[in-house]
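A.B. asks: Structure here, sequence nowhere to be found:
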Ligand code: NAI
């Protein structure tokens, strides 16, 4: 009897020490990024190994049968943290009470489609989803936009959810950040964790500026500036930058599909840093709201900056010296974003 009571006590203790599940929605959940991403989230890579999760999978009506397959696979993973999986094509169900929203689904470019038409289609999607976040999500929700054009889609979602702080919205440039770190690491023959503080400035497009002026490599027991470790300024000013800028295209050319495994990994890195903070002395790249006070970048853009995160709040790393080479590249990508924003905002008001 005593043993029974003791084991009942232990079970109650174990159950009561477990946190309440958080609700996480992934849109585009029947797509290829989601297929790599959902397992990472469900097994605790993002929100912690003790955090139970309810996963909500949102996609469009024709993809519901595919979602059923994804649900079955998630169930078959037998993951202890995964408390429920909810497939849906309805935004009011998808965004209900969510703590985190990862917006992956967007309208892909179809053959013969003009850039403007693509933007218009995406404004419609992110206006609807922003509106649904406004109505149904927790006000503390953290929203990560991945679907392209990620920066502008993020801005539209944020503008469509005015009661959620705009600081809660960010877009993914972590894949570009990881690509830049990996390029430098390979060049220096070190593992990628030995490279820190690379920066992606601006748009998640080919105008982005991968900058290593403030980055360090940990080699031979000490930290050295990347320029000293690589010892090839010509490569850092040209080949390195274009490789990172064009990497997405290179993957498509080789794989006949866009980056998915690496995008999913970057999404996990980004959201985990929001949830748990960045390491002391390190910063990461993230598309966040520009207030007009940092590095001369115009306000009202979602622009990728170096950020540090503490208590689920990001702060742009200030005071980094910027040379003329960098300034010109930072301005060029800002200009592209201003143009994209102005067109998107016109569609938003239609
Ligand atoms: P995919 O085509 O395999 O999947 C997209 C999914 O989104 C499809 O299942 C589709 O039905 C769904 N979808 C479309 N409209 C939707 C809506 N209104 N609501 C919910 N779901 C919707 O595409 P993939 O490879 O998963 O990529 C998704 C997006 O991520 C693309 O826009 C891609 O360009 C972008 N991307 C962004 C990266 C970044 O670093 N920011 C990196 C890689 C991809």
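C.D. replies: Nice, I can see it. All of these numbers come straight from a predicted model, not from anything done at the bench. Numbering: from 1, shown residues only.
A.B. asks: now the strands for the stretch 201-350 of the chain?
C.D. replies: Taking DSSP state E, counting those that start in this stretch, the strands of the stretch 201-350 of the chain run over residues 209-211, 216-219, 222-225, 284-289, 302-310, 313-316.
A.B. asks: So which bits of the last one are buried?
C.D. replies: It refers to strand 313-316. The neighbour-count check on strand 313-316 (16 or more other C-beta atoms under 10 Å) flags 314-316 as buried. All C-beta spots, glycine's among them, are computed from the backbone N, C-alpha and C.
A.B. asks: picking up where we left off before, of all the strands of the stretch 201-350 of the chain, which lies closest to the ligand?
C.D. replies: strand 284-289 (8.3 Å; C-beta to the nearest ligand atom).
A.B. asks: Please name every helix or strand in contact with the closest one.
C.D. replies: If you count contacts as 3 or more C-beta pairs under 8 Å, 6 or more residues apart in numbering; DSSP states H and E, strand 284-289 packs onto helix 150-159, strand 169-171, helix 174-188, strand 199-201, helix 261-276, strand 302-310, strand 313-316.
A.B. asks: Identify the residues contacting it?
C.D. replies: Outside strand 284-289, the residues that touch it by C-beta atoms under 8 Å, 6 or more residues apart in numbering are 145, 150-151, 154, 158, 166-167, 169-174, 176-177, 198-201, 204, 269-270, 273, 278, 300-307, 309, 314, 316.
A.B. asks: Up against the ligand, what does the stretch 101-250 of the chain have?
C.D. replies: Contact residues, the stretch 101-250 of the chain versus the ligand (C-beta under 6 Å from any ligand atom): 104-108, 125, 146-148, 150, 172, 175, 204.
A.B. asks: Go again with 5 Å.
C.D. replies: Contact residues (C-beta under 5 Å from any ligand atom) of the stretch 101-250 of the chain with the ligand: 104-106, 125, 146-148, 150, 172, 175, 204.
A.B. asks: Leaving aside the residues adjacent along the chain, what's closest to the residue of the stretch 101-250 of the chain found nearest the ligand?
C.D. replies: Nearest residue of the stretch 101-250 of the chain to the ligand (C-beta to the nearest ligand atom) works out as residue 105 at 2.7 Å. Once flanking residues are discounted, residue 105 sits nearest to residue 28: 2.6 Å by C-beta to C-beta, 6 or more residues apart in numbering.
A.B. asks: likewise residue 237?
C.D. replies: Take residue 237 and drop its neighbours on the chain: the residue closest to it by C-beta to C-beta, 6+ apart is residue 325, 7.1 Å away.
A.B. asks: quick check, stretch 294-308 touching the ligand?
C.D. replies: No. Judged by C-beta under 5 Å from any ligand atom, stretch 294-308 makes no contact with the ligand; its nearest approach is 10.0 Å.
A.B. asks: Check which residues of that stretch are buried.
C.D. replies: For stretch 294-308, a neighbour-count test (16+ other C-beta under 10 Å) marks 294-295, 297, 300-308 as buried.
A.B. asks: Which pair in those residues has the greatest spatial separation?
C.D. replies: Greatest spacing in the buried residues of stretch 294-308, by C-beta to C-beta: 300 and 308 (22.6 Å).
A.B. asks: sorry, back to before: in TSV, list the strands of the stretch 201-350 of the chain along with mean pLDDT.
C.D. replies: Shown next, in TSV, are the strands of the stretch 201-350 of the chain (pLDDT from 0 to 100):
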stretch	mean pLDDT
strand 209-211	98
strand 216-219	94
strand 222-225	95
strand 284-289	98
strand 302-310	98
strand 313-316	98
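A.B. asks: By average pLDDT, which secondary structure element in the protein comes out worst?
C.D. replies: The helix or strand of the chain with the poorest confidence is helix 2-16; it has a mean of 51 (mean pLDDT, DSSP states H and E).
A.B. asks: Residue 92 should be in a strand, yeah?
C.D. replies: No. Counting by DSSP: H, G, I helix; E, B strand; the rest coil, residue 92 falls outside a strand, being helix.
A.B. asks: mind checking how far it is from the ligand?
C.D. replies: Residue 92 sits 13 Å away from the ligand, going by C-beta to the nearest ligand atom, to the nearest Å.
A.B. asks: Residue 332 too?
C.D. replies: From residue 332 over to the ligand the distance is 19 Å, taken as C-beta to the nearest ligand atom.
A.B. asks: In this protein, which residue sits closest to the ligand?
C.D. replies: Scanning the chain for proximity to the ligand using C-beta to the nearest ligand atom identifies residue 31 as nearest, at 2.0 Å.
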